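Chemist: Please work out how this folds:
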Amino acid sequence: MTKIRLSAVWFGGVLAACSGGESGQRAPDANVPDVAPPADMGPAPPPDMGPAPPPDMGPAPPPDMGPAPPICPDENCPAVDLRDRACQAATTCPAAEGCSAAGECGVCALDAECRAGERCAAGACLPDALPEWSLDVAPLDLQRIINFPEEDIFVPCALAVEGVRYDQGCRVRLRGGTSRGFPKKSFRITFDPGAPHPGINRKINLRAEYNDRTFMRNFLAVQTLRRLTVVPAPSARFVRLTLNGAYYGLMTEVDTVDDDFFEAQGLSPDAPTYESDPPYELSPLGAGALIPLPDPALYPRNYDKKLGDPDDYSDLVDLIEGVIWPDYLSSRAGGPAAERLSRIVDVAEYLDYLAVMGLLQEQDHIRKNYYLTLQPRPAGPPRWLAVAWDMDLSFGCLWDEVSLNSLCDSHVIDEDPTRGRLPDGIDGGYPAQYFYNQLAHQVLADPVLRGAFDARLCGYISGAFWTTTLPELIDATAAHIRESVEQDANDLNADLTAFDAEIELLHDFVMQRAAFVSTFLGCPN
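Modeler: Presented below is the predicted three-dimensional model:
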């Protein structure tokens with residue numbers, strides 16, 4: 001039975017959530033050097049602020065940069081949507097979105113705005129019948145990848161969808177982190193460039209959602225980001241998977257963040273892009289949390305460069321060591337907290353990102369499971385954008401530090417929406433003494449940006465999407481997948497009664513989270 005928890009947990013006098021956000025860790029790396037951080041990686045506690053950082057930790061901006069521009073045009077710090085949303089038909093829009101009469105992808109209002117065979121429900125285009133996917137893998141090959149779950153072993157496959165067989169360059173492996181140990185597996189299916197395929201992307205992610213009895217948290221998180229923000233987020237849709245002739249279960253197909261993803265969004269497919277993906281043993285040290293690392297060799301091991309020169313990490317290192325960290329030292333000395341980063345980070349877009357993560361109580365993004373991309377602008381220098389990823393630990397589900405798993409067997413609504421900040425009295429730097437992200441900390445330490453963050457959250461919880469549309473979307477999605485859940489013998493639901501109880505917990509989270517956030521932030525009535 002699902003347990004309700006409405007309180008945080010204290011560790012050593014510090015308030016900490018029962019979420020380390022480590023559900024998708026890579027396997028331990030036996031070659032990790034035991035490296036202590038240099039003394040200059042974090043200033044001594046006040047009043048002795050310690051010596052200034054060496055030049056390679058990030059000099060102040062050169063004089064020709066001129067005075068810092070205002071961080072935001074006004075107190076709301078509105079984000080500018082850089083995505084190309086134009087469409088002529090729904091077939092060119094992301095999954096679950098429609099093409100409006102105005103020729104823009106987004107929330108549907110009519111069935112006619114959706115693809116053929118789809119209906120509009122609570123603003124989402126949902127198919128009348130879930131797609132049937134049939135994956136064939138030689139039994140010995142399938143057993144091989146299951147026997148070695150921590151290895152990325154690709155084996156040949158064939159995928160049939162709607163009577164069409166796709167086998168040109170088809171390969172499959174397991175995907176995920178700790179989820180590889182679950183009985184129901186998630187898969188990555190890839191096709192050769194240019195080969196026909198049925199997926200959102202030729203690199204298909206099929207998520208088993210084993211830890212989420214509702215199957216819906218990642219899908220709903222994507223929908224929330226798309227409805228409330230301009231943050232690029234991978235689209236998601238549900239499919240029924242048959243494996244070697246037997247029904248395997250309900251799966252979620254999620255887009256891959258790559259050049260095709262950015263091109264479809266109208267963004268640059270060539271922009272340097274990184275995924276925070278630290279190995280299991282380094283993530284608790286904050287290695288993926290935009291903190292300066294003591295050894296340059298650690299950057300490629302913690303940040304996977306997806307686009308751009310794979311050997312050139314200079315732009316990311318400059319962001320961390322030359323921008324974010326000097327802003328931290330400045331704020332520790334009583335100076336501005338975001339002066340440098342506001343020149344190179346799209347802080348308004350990042351505020352959108354942080355606010356929805358706080359609203360959904362999604363904490364897995366603090367040390368990993370996010371992307372940063374250095375996108376060109378219509379005018380001015382390029383700026384870093386955040387891209388959301390892997391948001392199943394949301395809507396009340398958290399990583400369990402005690403049992404070290406991400407099974408959603410407790411229901412939490414009262415986590416700090418500003419989680420990711422450093423508490424007063426705790427030094428930043430590597431190894432991290434607290435569960436935080438350096439960029440998130442700096443943004444939320446700036447009074448103007450913090451005000452805009454609070455205003456966003458207060459607006460979200462009182463807005464029509466959270467109060468009316470999201471509950472409708474929960475019910476519509478539950479009805480959409482209900483039969484497939486009932487037939488899924490590999491999930492955690494004993495029966496539909498258990499599934500229905502989990503759906504009620506989603507409704508409870510939406511209502512109770514709004515009340516908690518309102519009280520926590522002191523939102524106006």
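Chemist: When you work out contacts or count neighbours from here on, use the C-alpha atoms and nothing else.
Modeler: Fine.
Chemist: shaky segments in the stretch 301-450 of the chain?
Modeler: Residues of the stretch 301-450 of the chain meeting the criterion pLDDT under 70: 400-407.
Chemist: Mind doing that once more with 80?
Modeler: Scanning the stretch 301-450 of the chain for pLDDT under 80 picks out 399-410.
Chemist: which stretches of it form helices?
Modeler: Assigned by DSSP state H, counting those that start in this stretch, the helices in the stretch 301-450 of the chain fall at 314-317, 325-332, 341-344, 347-360, 438-445, 447-462.
Chemist: The fifth one to helix 447-462, inter-axis angle?
Modeler: In other words, helix 438-445. Here helix 438-445 points in a direction 90 degrees away from that of helix 447-462 (axes from the mean of the first three to the mean of the last three Cα atoms, to 10 degrees).
Chemist: Using CSV, list the CA coordinates for helix 438-445.
Modeler: Extracted in CSV, the C-alpha atoms of helix 438-445 (Å, rounded to 0.1, in the frame of the first residue of the first chain):
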residue,chain,number,x,y,z
GLN,A,438,25.6,25.8,-8.3
LEU,A,439,23.7,27.5,-11.2
ALA,A,440,20.3,27.1,-9.4
HIS,A,441,21.8,28.4,-6.2
GLN,A,442,23.2,31.6,-7.9
VAL,A,443,20.0,32.3,-9.8
LEU,A,444,17.9,31.9,-6.6
ALA,A,445,20.4,34.0,-4.6
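Chemist: ok, and what's touching it?
Modeler: Here helix 438-445 makes contact (Cα atoms under 8 Å, 6 or more residues apart in numbering) with 289-291, 324-325, 327-328, 331, 337-338, 347, 351, 354, 418, 420-422, 428, 449-450, 453.
Chemist: hmm, try it at 7 Å
Modeler: Ala289, Leu290, Ile291, Ile324, Tyr328, Ala337, Ala338, Gly420, Arg421, Leu422, Leu449, Arg450 (Cα atoms under 7 Å, 6 or more residues apart in numbering).
Chemist: May I ask you to confirm that Ile291 is in contact with Pro431?
Modeler: No: Ile291 is beyond contact range of Pro431, at 8.7 Å (criterion: Cα atoms under 7 Å).
Chemist: Those two: which has the busier surroundings?
Modeler: Ile291 (25 against 21; other Cα atoms under 10 Å).
Chemist: and the more buried one, what does it touch?
Modeler: Ile320, Gly429, Tyr430, Gln438.
Chemist: ok, now Leu293?
Modeler: Taking Cα under 7 Å, 6+ apart, we find Leu293 in contact with Tyr430.
Chemist: Then Thr91?
Modeler: Thr91 is in contact with Arg115, counting by Cα under 7 Å, 6+ apart.
Chemist: State whether it is indeed within a helix.
Modeler: Yes: with DSSP: H, G, I helix; E, B strand; the rest coil as the criterion, Thr91 is part of a helix.
Chemist: Show me the shaky parts of this structure.
Modeler: Judged by pLDDT under 80, the chain has its weakly predicted residues at 1-70, 399-410.
Chemist: And Gly194, how close does it get to Val137?
Modeler: 22 Å (Cα to Cα, to the nearest Å).
Chemist: now do Thr178
Modeler: Distance, Thr178 to Val137, using Cα to Cα: 23 Å.
Chemist: Which residue would you name as the spatial centre of the chain?
Modeler: By Cα atoms, centre = their mean, the mean C-alpha position of the chain lies nearest to Trp389, the distance being 2.8 Å.
Chemist: still on that earlier bit, quick one: the contacts of helix 438-445 as a markdown table, columns for distance to Gln143 too.
Modeler: Formatted as a markdown table, the contacts of helix 438-445 follow (distance: Cα to Cα, whole Å):
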| residue | distance to Gln143 |
| --- | --- |
| Ala289 | 36 |
| Leu290 | 38 |
| Ile291 | 40 |
| Ile324 | 46 |
| Tyr328 | 50 |
| Ala337 | 53 |
| Ala338 | 51 |
| Gly420 | 40 |
| Arg421 | 44 |
| Leu422 | 45 |
| Leu449 | 51 |
| Arg450 | 51 |
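Chemist: Nearest to Glu113, out of these: which one, please.
Modeler: Glu113 lies nearest to Leu449 out of the contacts of helix 438-445, by Cα to Cα, at 37.0 Å.
Chemist: Grab the nearest non-local neighbour of that closest one.
Modeler: Spatial nearest neighbour of Leu449, chain neighbours left out: Val443 (6.1 Å); criterion: Cα to Cα, 6 or more residues apart in numbering.
Chemist: neighbours of that neighbour, just the number please.
Modeler: Val443 has 26 neighbouring residues, counting by other Cα under 10 Å.
Chemist: before we move on, what about Tyr247?
Modeler: Tyr247 has 18 neighbouring residues, counting by other Cα under 10 Å.
Chemist: before we move on, what about Asp311?
Modeler: Counted with other Cα under 10 Å, residues neighbouring Asp311 total 8.
Chemist: what does Thr519 give?
Modeler: Neighbour tally, Thr519, other Cα under 10 Å: 12.
Chemist: by how many degrees do the host helix or strand of it and helix 447-462 diverge?
Modeler: Element membership for Thr519 (DSSP states H and E) is helix 496-521. Per the same axes, to 10 degrees, the angle that helix 496-521 makes with helix 447-462 is 140 degrees.
Chemist: Could you list the buried residues of helix 496-521?
Modeler: 499, 502-503, 505-511, 513-518 (16 or more other Cα atoms under 10 Å).
Chemist: Stretch 91-101 now?
Modeler: Under the neighbour-count criterion of 16+ other Cα under 10 Å, stretch 91-101 has Thr91, Thr92, Cys93, Pro94, Ala95, Ala96, Glu97, Gly98, Cys99, Ser100 buried.
Chemist: Quick check: closest non-adjacent residue to Phe182.
Modeler: Counting by Cα to Cα, 6+ apart, the residue nearest Phe182 is Tyr210, at 7.2 Å.
Chemist: circling back: phi first, then psi, for the residue nearest to the centre of the chain.
Modeler: Per-residue torsions, Trp389: phi -160, psi 140 (degrees, to the nearest 10).
Chemist: Surely it and Tyr370 touch.
Modeler: Yes: between Trp389 and Tyr370 a contact is recorded at 5.4 Å, counting by Cα under 7 Å.
Chemist: quick one: the helices in the stretch 1-150 of the chain?
Modeler: Counting by DSSP H, counting those that start in this stretch, the helices of the stretch 1-150 of the chain are 139-147.
Chemist: Apologies, that question was intended for the stretch 151-300 of the chain.
Modeler: Ranges of helices in the stretch 151-300 of the chain, per DSSP H, counting those that start in this stretch, are 217-228, 259-264, 298-302.
Chemist: Leu82 is nearest to which of the ones you listed?
Modeler: Checking the helices of the stretch 151-300 of the chain against Leu82 by Cα to Cα gives helix 259-264 as the closest, at 10.9 Å.
Chemist: mind exporting the closest one as PDB, just the C-alpha atoms?
Modeler: Output of helix 259-264 as PDB, limited to C-alpha atoms (Å, rounded to 0.1, in the frame of the first residue of the first chain):
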ATOM      1  CA  ASP A 259      20.500  17.300 -33.500                       C
ATOM      2  CA  ASP A 260      17.200  16.100 -34.900                       C
ATOM      3  CA  PHE A 261      15.500  17.200 -31.600                       C
ATOM      4  CA  PHE A 262      16.900  20.700 -31.800                       C
ATOM      5  CA  GLU A 263      16.200  21.100 -35.500                       C
ATOM      6  CA  ALA A 264      12.600  20.100 -35.000                       C
END
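Chemist: which other residues reach it?
Modeler: Residues outside helix 259-264 that contact it (Cα under 7 Å, 6+ apart) are Ser268, Pro269, Asp270.
Chemist: switch the cut-off to 10 Å
Modeler: In this structure, residues lying in contact with helix 259-264 by Cα atoms under 10 Å, 6 or more residues apart in numbering are 83-85, 92-94, 200-203, 232-235, 255-256, 265-271, 273, 306-308, 373, 375.
Chemist: Now do the buried residues in it.
Modeler: Asp259, Asp260, Phe261, Phe262, Ala264.
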